[in-house]
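Student: what follows is a predicted structure for the sequence shown.
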Amino acid sequence: MDTVKIYTNIIKDNMDRPEKVDKLINFGLTSAYYYVSFFKDKRIPKSLHYLNKYSIKSIKDSLANPQNSAWVNLFAPSEFLIAMDIKPLFIEAYSSFMSGFFIEDYLVDTAESRGMSNTLCSYHKTFIGASELNILKKPKFMMTTSMICDANIPTFKYLSKKHGVPLYIIDIPYKYSKDAVVYVKKQLLEVAEKLEEVFNRKLDTDKLREVVKTENKTRALMREYLNYAGEKRFIPTMTFEMYMLFASHVFIGSKEVLHFYEMLVEDIKRAPERSGKSIFFIHLLPIFEKNFKDYFNFSDKFHIAGSDLNYDFVDEIDENDPFKGIAEKLILNSFNGEINRKVARIKELIEKIKPDGIIQFCHLGCKQSMGGTFIIKNLASEVGIPFLYLDGDCVDKRNNQEGQNRTRLEAFLEML
Amino acid sequence: MIGYICKYTPVEIIEAFGEEPVRLESGYKSHEHAEALIHSNMCSFAKGVLENIIENNIEEVILTACCDSIKRLYDVLKDKVKFIHILDLPRKKDPLAIDLFYNEIIEFMEAYQAFKNKNFAEENLLKILESKSFNKEKQSAESIAILGARLKDDVIEKIINSCTANVINFTCTAEERVFNIEAKDNLLKSYAESLLNLTPCMRMAEDRSKLINKELKGIIYNTIKFCDFYSYEYAELKSKADLPLLKIETDYNDSNSGQILTRIDAFLESTGIKKMEKQRAKKGYFVGVDSGSTSTNVVIIDENKNIISYSIIPTGPKALESAFKAFEIALNNAGLQEKDITSIVATGYGRVSIPFADRIVTEITCHGKGAFFIDNTVRTVIDIGGQDSKVIRLDDSGNVIDFVMNDKCSAGTGRFLEVMARTLGISIEEMAKVHKEVKENITITSMCTVFAESEVISLIAQNKDQRDIIHALNKAVASKAVSLVDRIGRKGKYMMTGGVAKNQGVVYAIESRLGEKLIIPFEPQIIGALGAALISLEGK
Ligand code: SF4
Ligand code: SF4
Ligand code: SF4
């Protein structure tokens, strides 16, 4: 038995003692943090190494200090939290880590036994399971947007009611219009007010502006990075493309993330020229799926050329009116609204990145993503890039039919 | 004709155009056309609507940006129908949200006007709204609520017809379109506002707990696979549980299946609002026929509730023939003739097709009745039959107060064990004998019969001890059963019924999971039939 398995079993045996599990999880995160710090893998570029540590630390920070933390989802505007020094914990990240600790099955089963539907996305079920078992200590505040994913509003409504923690739902219209911006801006002002009230501190508008400025600088670097992504071989494992979501979403606007992108651009310039075949991913990467791990992690033959989720917004935010600017950013997200928006963004990205193949891993229960599969397939055939979609689960490993997927994945890669 | 699906659709505007809005149904067994256009793991209601639109060449469609499924339905249909429009639907209803929705309605009107080349007359709208403005009498007395995701119209119809209480439909198909529009200076805006003020669905930001009041006699909660909105509210209601609550899980299209209707019937029976004719107890002999999917069982009792005889035979391809046969055997065993029988109650899957029965009652009620009769300390009945399993909760007087059934697949049932016995190359009887002494504690991870079978094959290939594999299978069945128990909460004492109760290994595995002994009746397969016979005697 390897160490992770032993650790997993200890956690599972203690599920009825939430305090202890909380400590064990903290221990797991701390070990991961020190492991990454001391055993530097030579194959991993400096910037990604930094990102790895930063991501683990950010989760640890918010878990260690629930009174100064807010639960959010990937798309929530955490600029406000950063400006007020509140630590966000986002559902998707927490659940991925629990899957990394191999306890997602237990948490998913817990959520289902409380009445959650078994077809609900496992990112949400894992998080709900942890909260049902009180492994997750309740935060001071919750904030979600309605955009992109149906699961957000009901999950947060449920958790907020259950724990008696205030929640703010930011309703993001599906279509962009002047009125829509006004509608969202007003809600953002309300969020800020709520945050001030709950955390009993002021939101300094200059500080918010500073965060937005940093965010704009970061996105300029992101665009620069993309200029090299077509020529270089850079991302060593799927996990890093997913860790990037910490930087491109929830923590964008922080100094650390800016620093990360600065390093990233330097690193990619120095990276080896592209060789082998490159794959562009739609939406998520199945970081725990065995076939994918075998084929993509540290591979010379196939490498990861990016995913559209990391580039769902690439423009500048209005620094003069950050509330309005953030409202626009939310509504204009390429995953929001008609699928044409998303298709146009993917088109731009693949023109830059020039991948040899496109894969969409349809995460069970994620309808916003799989609902567009055939449309993206059409796009791929229009531009003449081979496309493969596979079904599975990025969190709950029990839902992956590895045997079946192996044949399809292998055949596809052979085809390239 | 223009098709719509959401109650927030401005139906009255369409009517004011002189056009006919039709709520689209989805009732297709196959989604052949739909699955060529959209991934098969989408919500089946959305897939069914897509199938309907393509199959019937529906040319005009109006949608709301309800959920991810409907948004993608729009994307897929966009260049496939002559007119399609999607309305953005705010989740809040403050003045800015109303403005937004008002603009959306105007945008739709303009688009439709241009498409139809017809003019819109506000007077028409006003007339229509006035005709729908209230005075609906407040219906009194007992009510039950249908909450959750939309249920098929025919199921709702069936519920209304078979219960004595008033049925309130809170789902997407509710037709409670009553308007009280006074501000005529901006009719459209007031209209937009009153639409947003309809009973909020789960998609809305608003809290819905006000919908549930103590006066309700019960709630039927429907959830649809791959629909994210509903199930959270169920979990919440369940944890409070001060109202009788029935959860049904469907893929929408199968919501009128026999299993679902049985459960609804049993629920109405248990809440005491089922319509039925009263009968008085009579003298003589009383029969219960349980026509199950695997076995058909008959019990005959006398007026003092003594069991006179019983029979158990496998259900053949024709349920009716098996019922006749089992009835005949029981009569022979008792030395009775048909004319000696006062009344017959049928239960089980095949109950509706038994013409010689005087009444039919669901197997839920019958199992509860039979189990409580055998031992009145029983509060939970775990019934695992050939193809389904259920857990029934009884109160101190033996009334059914809650129950759950497994999904429609065979995971964790007798059928599951049969397949595994075949894979292991042993008989089901041999398998049933194995319990205790294990060498290696193996766990079967998959509950699906098909996947578990391949797991067993690979365990055999690894040369694992057969008894350990059987032990693992028993654990798997037990874990499924106990998770059903957990869905309604644990409460002893437990009685196990159904064919699988004869399998000592499974009984032992369930006992160790529950940490409590199970009561196993002398003949676990006849409890449903016994309950039916008792009901036949009591005549109620
Ligand atoms: S994977 Fe899809 S369904 Fe799950 S949280 Fe992300 S967007 Fe939502
Ligand atoms: S869930 Fe709400 S928005 Fe969606 S169809 Fe039903 S009523 Fe309409
Ligand atoms: S059942 Fe749920 S997922 Fe399906 S269309 Fe309705 S709201 Fe959407």
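Tutor: Nice, I can see it. Ligands and ions are numbered 1, 2, ... in the order given.
Student: surely A:Thr144 is in a helix?
Tutor: No: read with DSSP: H, G, I helix; E, B strand; the rest coil, A:Thr144 is strand and lies in no helix.
Student: mind showing which ranges of the stretch 201-350 of chain B have poor pLDDT?
Tutor: Per-residue confidence of the stretch 201-350 of chain B (counting by pLDDT under 70) places the weak regions at B:241, B:276-282.
Student: please read the previous query as pertaining to the stretch 401-540 of chain B.
Tutor: Scanning the stretch 401-540 of chain B for pLDDT under 70 picks out the ranges B:407-409, B:435-437, B:540.
Student: now with 90?
Tutor: Applying pLDDT under 90 to the predicted model, the residue ranges of the stretch 401-540 of chain B that meet it are B:401-492, B:499, B:502-505, B:512-513, B:515, B:522, B:537-540.
Student: with the stretch 251-400 of chain A instead?
Tutor: Applying pLDDT under 90 to the stretch 251-400 of chain A picks out residues A:275, A:300.
Student: which residues in it form strands?
Tutor: Along the stretch 251-400 of chain A, the stretches classed as strands by DSSP state E, counting those that start in this stretch are A:277-282, A:302-307, A:357-363, A:387-392.
Student: continuing past the last one, what's the next helix or strand?
Tutor: Next helix or strand after strand A:387-392 toward the C-terminus (DSSP states H and E): helix A:402-415.
Student: now that following helix - C-alpha only, CSV.
Tutor: Included here for helix A:402-415 are C-alpha records, laid out as CSV according to Å, rounded to 0.1, in the frame of the first residue of the first chain:
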residue,chain,number,x,y,z
GLU,A,402,-11.2,3.4,-18.5
GLY,A,403,-11.2,0.3,-20.7
GLN,A,404,-13.6,1.8,-23.1
ASN,A,405,-12.0,5.2,-23.1
ARG,A,406,-8.5,3.7,-23.7
THR,A,407,-9.4,2.3,-27.0
ARG,A,408,-11.0,5.4,-28.2
LEU,A,409,-8.2,7.7,-27.0
GLU,A,410,-5.5,5.5,-28.4
ALA,A,411,-7.2,5.2,-31.8
PHE,A,412,-7.5,9.0,-31.9
LEU,A,413,-3.9,9.6,-30.9
GLU,A,414,-2.7,7.1,-33.5
MET,A,415,-4.8,8.9,-36.1
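Student: now it: mean pLDDT?
Tutor: Model confidence over helix A:402-415, given as mean pLDDT, is 87.
Student: look up the closest residue to residue 291, ignoring the ones flanking it.
Tutor: As the question left the chain open, I've gone with chain A. Across the structure, with CB to CB, 6 or more residues apart in numbering or on different chains as the measure, the residue nearest A:Asn291 apart from its sequence neighbours is A:Arg406 (4.8 Å). In this view, the C-beta of every residue, glycine as well, is placed from N, C-alpha and C.
Student: that's the wrong chain, I wanted chain B
Tutor: Excluding the flanking residues, the one nearest B:Ser291 by CB to CB, 6+ apart is B:Gly350, at 3.2 Å.
Student: quick one on the thing from earlier: can you get me a residue count around the residue nearest to A:Asn291?
Tutor: 17 (other CB atoms under 10 Å in any protein chain shown).
Student: on that earlier part again, distance to ligand 1 and mean neighbour count for the strands of the stretch 251-400 of chain A - can I get that in a markdown table?
Tutor: Rendered in a markdown table, the data for those read as follows (distance: least, CB to the nearest ligand atom, whole Å; neighbours: other CB atoms under 10 Å in any protein chain shown):
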| stretch | distance to ligand 1 | mean neighbour count |
| --- | --- | --- |
| strand A:277-282 | 12 | 23 |
| strand A:302-307 | 12 | 24 |
| strand A:357-363 | 5 | 24 |
| strand A:387-392 | 12 | 20 |
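Student: just the pLDDT at A:Leu188, thanks.
Tutor: 98.
Student: distance between whichever strand or helix holds it and the chain's centre?
Tutor: Per DSSP H and E, A:Leu188 falls inside helix A:178-199. Averaging C-alpha coordinates over helix A:178-199 and over its chain gives two centres that are 24 Å apart (CA atoms, centre = their mean, to the nearest Å).
Student: for stretch A:71-78, same thing?
Tutor: The chain centroid and the centroid of stretch A:71-78 are separated by 10 Å, computed with CA atoms, centre = their mean.
Student: ok, stretch A:404-416 next?
Tutor: Averaged C-alpha coordinates place stretch A:404-416 at 26 Å from its chain's average position (CA atoms, centre = their mean).
Student: quick one: contacts of it?
Tutor: A:277, A:289, A:291-292, A:295, A:301-302, A:356-357, A:359, A:386, A:388, A:390-392 (CB atoms under 8 Å, 6 or more residues apart in numbering or on different chains).
Student: tell me the bridge partners for the nearest residue to A:Tyr295 once chain neighbours are set aside.
Tutor: Leaving out its chain neighbours, the residue that sits closest to A:Tyr295 by CB to CB, 6+ apart is A:Phe302, at 5.5 Å. Beta-bridge partners for A:Phe302, by DSSP bridges, are A:Lys277.
Student: coming back round to it: show me what the helix holding A:Leu188 is packed up against.
Tutor: Using 3 or more CB pairs under 8 Å, 6 or more residues apart in numbering or on different chains; DSSP states H and E as the contact criterion, the elements in contact with helix A:178-199 are helix A:79-83, strand A:141-145, strand A:167-170, helix A:322-331, helix B:95-116.
Student: by proximity to ligand 3, which residue of the stretch 201-350 of chain A wins?
Tutor: Checking the stretch 201-350 of chain A residue by residue against ligand 3 with CB to the nearest ligand atom singles out A:Ile339 as nearest, at 16.2 Å.
Student: find the nearest non-adjacent residue to that residue, please.
Tutor: If the residues on either side of it in the chain are set aside, A:Ile339 comes closest to B:Asp75, at 4.0 Å by CB to CB, 6+ apart.
Student: in which helix or strand does the one you found reside?
Tutor: Taking DSSP H and E as the definition, one finds B:Asp75 inside helix B:68-77.
Student: is ligand 3 contacted by that helix?
Tutor: Yes: contact check for helix B:68-77 against ligand 3, using CB under 6 Å from any ligand atom: residues in range are B:Ser69, B:Ile70.
Student: could you measure from B:Ala121 over to B:Leu187?
Tutor: In this structure, B:Ala121 lies at 11 Å from B:Leu187, with CB to CB, to the nearest Å as the measure.
Student: what do you get for B:Ile62?
Tutor: Look at B:Ile62 and B:Leu187: by CB to CB, they are 20 Å apart.
Student: so for the two, which residue has more residues nearby?
Tutor: Looking at B:Ile62 and B:Leu187 with other CB under 10 Å, you find the greater number of neighbours at B:Ile62, namely 23 against 15.
Student: need the contact list for that one.
Tutor: B:Ile2, B:Gly3, B:Tyr4, B:Thr9, B:Ile14, B:Pro21, B:Ile84, B:His85, B:Ile86, B:Leu87, B:Phe108.
Student: could you redo the last one with a cut-off of 7 Å?
Tutor: Taking CB atoms under 7 Å, 6 or more residues apart in numbering or on different chains as the contact definition, B:Ile62 lies against B:Ile2, B:Tyr4, B:Thr9, B:His85, B:Phe108.
Student: output the helix or strand hosting it in CSV with nothing but the alpha carbons.
Tutor: With secondary structure defined by DSSP H and E, B:Ile62 is part of strand B:60-64. Provided in CSV are the C-alpha atoms of strand B:60-64 (Å, rounded to 0.1, in the frame of the first residue of the first chain):
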residue,chain,number,x,y,z
GLU,B,60,-41.8,28.2,-34.4
VAL,B,61,-40.3,28.0,-31.0
ILE,B,62,-40.0,30.3,-28.1
LEU,B,63,-37.7,29.4,-25.2
THR,B,64,-36.5,31.0,-22.0
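Student: so what's residue 346 up against?
Tutor: Here I'm looking at chain A. Residues touching A:Ile346, when contacts are defined by CB under 7 Å, 6+ apart, comprise A:Asp308, A:Ile376, A:Leu379.
Student: was after chain B, sorry
Tutor: If you count contacts by CB under 7 Å, 6+ apart, B:Ala346 has them with B:Val289, B:Ser291, B:Ile354, B:Ala357, B:Ile360, B:Ala532.
Student: cool, thanks, signing off.
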